[in-house]
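Visitor: Test case, fold it:
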Amino acid sequence: MAPPNNPINSIFKLFRSSSSEKSFDLSNGKFSVKGFPLLHDVPSNVTFSSFSSICNLSESDAPFPLLQRVQALSDKGGFLGFTKDEPSDSMMNSLGRFTDRNFLSIFRFKTWWSTQWVGTSGSDLQMETQWVVLDVPEIKSYVMIIPIIEGSFRSALCPGNDGHVMVFAESGSTQIKSSSFKSIAYVHVSENPFNLMKEAFSAIRVHLNTFKLLEEKNLPSLVDKFGWCTWDAFYLTVEPAGVWQGVEEFTEGGVSPRFIIIDDGWQSISRDDDNPNEDTKNLVLGGEQMTGRLHRFDEGEKFRKYKAGSFLGPNGPQFNPQKPKMLITKAIEIEHAVKARDRAIQSGATDVSEFESKIKKLQQELDDMFEREDQSSLSNESCGYEADDYGMKAFTRDLRTKFKGLDDIWVWHALCGAWGGVRPGATHLDCKIAPCNVSSGLKGTMPDLAVDKIVEAGIGLVHPSQADDLYDSMHSHLAKSGVTGVKVDVIHTLEYVSEEYGGRVELAKAYYNGLSKSLSKNFKGTGIISSMQQCNDFFFLGTKQIAMGRVGDDFWFQDPNGDPMGVFWLQGVHMIHCAYNSLWMGQIIQPDWDMFQSDHVCAKYHAGSRAICGGPVYLSDSLGCHDFELIKKLVYPDGTIPKCHRYCLPTRDCLFINPLFDNKSILKLWNFNKYGGVIGAFNCQGAGWDGEAQRIKGYPQCYKPVSGSVHVADIEWDQSMEAAEMGEAEEYLVYLDQAEKLMFLTPKSDPIQVTIRPSSFEIFSFVPIKKLGRVAKFAPIGLTNMFNSGGTIQELDYNKVGESPAATIKVKGGGNFLAYSNVSPKVCYINGAEVAFKWSGDGKLTLNLPWIEESAGISDVVFVF
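Guide: Numbers count the residues shown, from 1 in each chain. Here you go, the predicted model:
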């Protein structure tokens, strides 16, 4: 009997490109794109294969429209491979060389974090490069090389000598070896750098079938809301009373959080030398917990002993808001004393008894502080804590009873449970301490306390066959306790412990599959933020379900290495991480720009970027340390935000420059609102990566004002079907948020010149000007008391009231509404009532809008001309 026809194969024959394999050619030691030699001196053991010769589209689980899109562009991509004489678990091979050509790349500067790097030669690349884009103006195109997964191997790009680009393939286990690869890297060409990203990662998704694109997934409910994370407020001292105090402060300040994240410090962890049935006591600073392991899956004692109703009555226990800071200050004293002792030892000192005595004294003072606080704690119940009237379930129920708008309560956990995994023998799971082996590819990365601690203690690794059980054991309890999502951190520890488990690819598949199943079962499939995950293993293997993740390193309010200027320059570094990582991560997950503190010296600078980033806005304010005036420029009273319609990205003219320490460039970010576009211009100069020192450091000579230009053409209007029409307008109104200035611009106008001071910014809102009738011209800016004024406009319709042309606008928020009109309107209505307005000869049209709770803050505004 003949085999049945495969309808998918039949359909794809219709879409197969007649120009297949013509975009690329590998011959005579040259790799050419569209006939132009791009890589020279390509070794003879390197191969190129067309996309269609490697990828069988009929085996993909991608949605049919995505398959069609990839098939139609299949001639623009292909795969690079290589063959070695002897099999090995790790191999390095040149892909050829290039010089005198601008490139943009992303590399890992720590195990967990990646950032932008530019250069002009293959030798300028950094270790653990996740991808590189080459500017090829000779053919008016951009070419991207992406190291990917093949079989049980993952890969990264590395620098070689004399301009060579090296690919490094590794399995993560000496038991898993290979000598031949056909598709260890993917290469793609496009005339548009933003299309390049979308097309390339779409092709890889269809090929690997191990992850999904952002467009295929649902987003977490908190993506367009305001929230608070406990980390910088408490570190490991987080407790119910402090969390309650924090939410209450925001609510009383007029900005109600719609979500909270109870960060590290809530779990039941113990160190190996502690009682296996008790939580380790008196932990304060990050680092102290990194050798701790989970010994039970429910909440730690601090939260277990919470009693229902403790804070609901009028005479609830009082909490000292200074308590966290006092504990943190004392713990920092201890940390400094320990470092002083260690420096003395490194200098050859043999008697450090004086240091030890000081450390012991300070530790006793800290223990005494905890003991005094414990005497006034909520409850000392020793039994019954699993009942509904105790523990996390009672606490989350009380929070929602008191704070009606609090939609989501999330908690933190590490991918392996805790930083040190799970304690062997403490749970029902098969678990053992796995020694950590750091990949040679990470030798060029920045020194990291977290890595040192994890390598020191190893990971209590649950056997991968029980990964499903691990996550369900944690998450099912949390879901029953009223927790609606998790921030999963410390993700890339898996690559350290894969020796005995089939290598890093197979171990990752098992863990990510277990995590995805639990998310679907316990948190509606969307309740997760991924963190410390910025490596291709995660994105290519772990994101079938995960739809949101961090795109930057942590918010550092000061330099942990002691540079006093770090309080400033670290903030620009953070923006560069987020902006450029969004280029690739945004294809797969919703970029999350992380929290910041509203009372930080650079808080306004951070707020400007969060206003247009397109993701959630959340803070890590300490108790009593809030700038509500600033927060209210980001957040509505109901805890929602005027969010842009997509994630922001660097403008095209920023792709191949260094906005951190080239002494001349500003970072420009583009995004869309529903009825306009936006450009954020930021001065990030003053710090960056030092490849020789292998760390991020300050460049004080660059911390000064820089100048640049902004134009409506900087917005990539064609990247959104909804925005494309706005990109064809004849004239635009431009509002400069910081300068409080209106300007006019056409596509043919000269660019707007701007000078930005250090750690400062400007936001440019572009709105098409509409002709109404024969005379009137109109364009709404929105609420100018919000950073993203254009985001406050919910609906806009140009119609008629009677026979008169009119503009009808739904605006969310209260405050100063600004529009442009070349003539004065005849009349203005707010929610059906005629109101007064101000119009001046320069076209400024203003009125004050109320916040009306009953209508969710939305006002119906009509101008009749």
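
Visitor: Distance from stretch 684-704 to the middle of the chain?
Guide: 22 Å (CA atoms, centre = their mean, to the nearest Å).

Visitor: Run through who's touching it.
Guide: Applying CB atoms under 8 Å, 6 or more residues apart in numbering, the contact partners of stretch 684-704 are 109, 115, 117, 126, 444-447, 559, 561, 563, 565-566, 568-570, 572-573, 575-576, 658-663, 665-667, 706, 758-759. Using the backbone N, CA and C atoms, a C-beta is placed for each residue, glycine as well.

Visitor: Buried residues in that stretch, which are they?
Guide: Within stretch 684-704, the residues that qualify as buried are 684-689, 691, 696-699, 702-703, counting by 16 or more other CB atoms under 10 Å.

Visitor: Output the contacting helices and strands for the helix ranked longest in the chain.
Guide: The longest helix of the chain (DSSP state H) is helix 323-346. Counting contacts by 3 or more CB pairs under 8 Å, 6 or more residues apart in numbering; DSSP states H and E, helix 323-346 is packed against helix 353-374.

Visitor: Could I have the CA atoms of the helix it packs on written out in PDB?
Guide: What follows is helix 353-374, C-alpha atoms only, in PDB (Å, rounded to 0.1, in the frame of the first residue of the first chain):
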ATOM      1  CA  SER A 353      42.500  37.100  66.200                       C
ATOM      2  CA  GLU A 354      41.700  40.800  66.400                       C
ATOM      3  CA  PHE A 355      39.700  40.600  63.200                       C
ATOM      4  CA  GLU A 356      37.900  37.400  64.500                       C
ATOM      5  CA  SER A 357      37.000  39.000  67.700                       C
ATOM      6  CA  LYS A 358      35.500  42.000  65.900                       C
ATOM      7  CA  ILE A 359      33.500  39.700  63.600                       C
ATOM      8  CA  LYS A 360      32.200  37.700  66.600                       C
ATOM      9  CA  LYS A 361      31.200  40.800  68.500                       C
ATOM     10  CA  LEU A 362      29.300  42.200  65.500                       C
ATOM     11  CA  GLN A 363      27.600  38.900  64.800                       C
ATOM     12  CA  GLN A 364      26.400  38.800  68.400                       C
ATOM     13  CA  GLU A 365      25.100  42.300  68.100                       C
ATOM     14  CA  LEU A 366      23.100  41.200  65.000                       C
ATOM     15  CA  ASP A 367      21.800  38.100  66.700                       C
ATOM     16  CA  ASP A 368      20.700  40.200  69.700                       C
ATOM     17  CA  MET A 369      18.800  42.600  67.300                       C
ATOM     18  CA  PHE A 370      17.000  39.600  65.800                       C
ATOM     19  CA  GLU A 371      16.200  38.200  69.200                       C
ATOM     20  CA  ARG A 372      14.700  41.500  70.400                       C
ATOM     21  CA  GLU A 373      12.500  41.700  67.300                       C
ATOM     22  CA  ASP A 374      11.500  38.000  67.600                       C
END
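
Visitor: now the longest helix of the chain: mean pLDDT?
Guide: Averaging pLDDT along helix 323-346 yields 93.

Visitor: ok, residues contacting it?
Guide: 233-235, 237, 242, 284-285, 288, 352, 355-356, 358-359, 362-363, 365-366, 369-370, 373, 622-623.

Visitor: mind running it again at 6 Å?
Guide: Residues outside helix 323-346 that contact it (CB atoms under 6 Å, 6 or more residues apart in numbering): 234, 237, 284-285, 352, 355, 358-359, 362-363, 366.

Visitor: hang on, the earlier thing: among the buried residues of stretch 684-704, which one sits closest to Ile793?
Guide: The nearest member of the buried residues of stretch 684-704 to Ile793, counting by CB to CB, is Cys684 at 29.1 Å.

Visitor: give me the element that closest one is part of.
Guide: Assigned by DSSP states H and E, Cys684 belongs to no helix or strand.

Visitor: Please, a PyMOL command that selects the buried ones among the contacts of helix 323-346?
Guide: Burial among those is assessed by 16+ other CB under 10 Å; the matching PyMOL selection reads:
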select buried, resi 234+237+284+355+358+359+362+363+366
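
Visitor: and the two most separated of the contacts of helix 323-346?
Guide: For the contacts of helix 323-346, the maximum inter-member distance is 31.7 Å, found between Phe234 and Val352 (CB to CB).

Visitor: and Cys436, what is it in contact with?
Guide: 454-455, 458, 496.

Visitor: Scan those and report the most crowded one.
Guide: Highest neighbour count within the contacts of Cys436, by other CB atoms under 10 Å: Ile454, with 25 neighbours.

Visitor: wait, what's in contact with it?
Guide: Cys436.

Visitor: what do you get if the cut-off is 8 Å, keeping everything else the same?
Guide: By CB under 8 Å, 6+ apart, the neighbours of Ile454 are 290, 419-420, 436, 490, 493, 496.

Visitor: Please tabulate these in TSV and include pLDDT as additional columns.
Guide: What follows is the contacts of Ile454, written out as TSV (pLDDT from 0 to 100):
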residue	pLDDT
Met290	94
Trp419	97
Gly420	97
Cys436	96
Val490	97
Thr493	94
Tyr496	96
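
Visitor: May I see the ChimeraX selection of the buried members of the contacts of stretch 684-704?
Guide: The ChimeraX selection below is limited to those of those classed as buried (16+ other CB under 10 Å):
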select :109,115,117,126,444,445,446,559,563,566,568,569,570,572,573,575,576,658,659,660,661,665,666,667,706,758,759
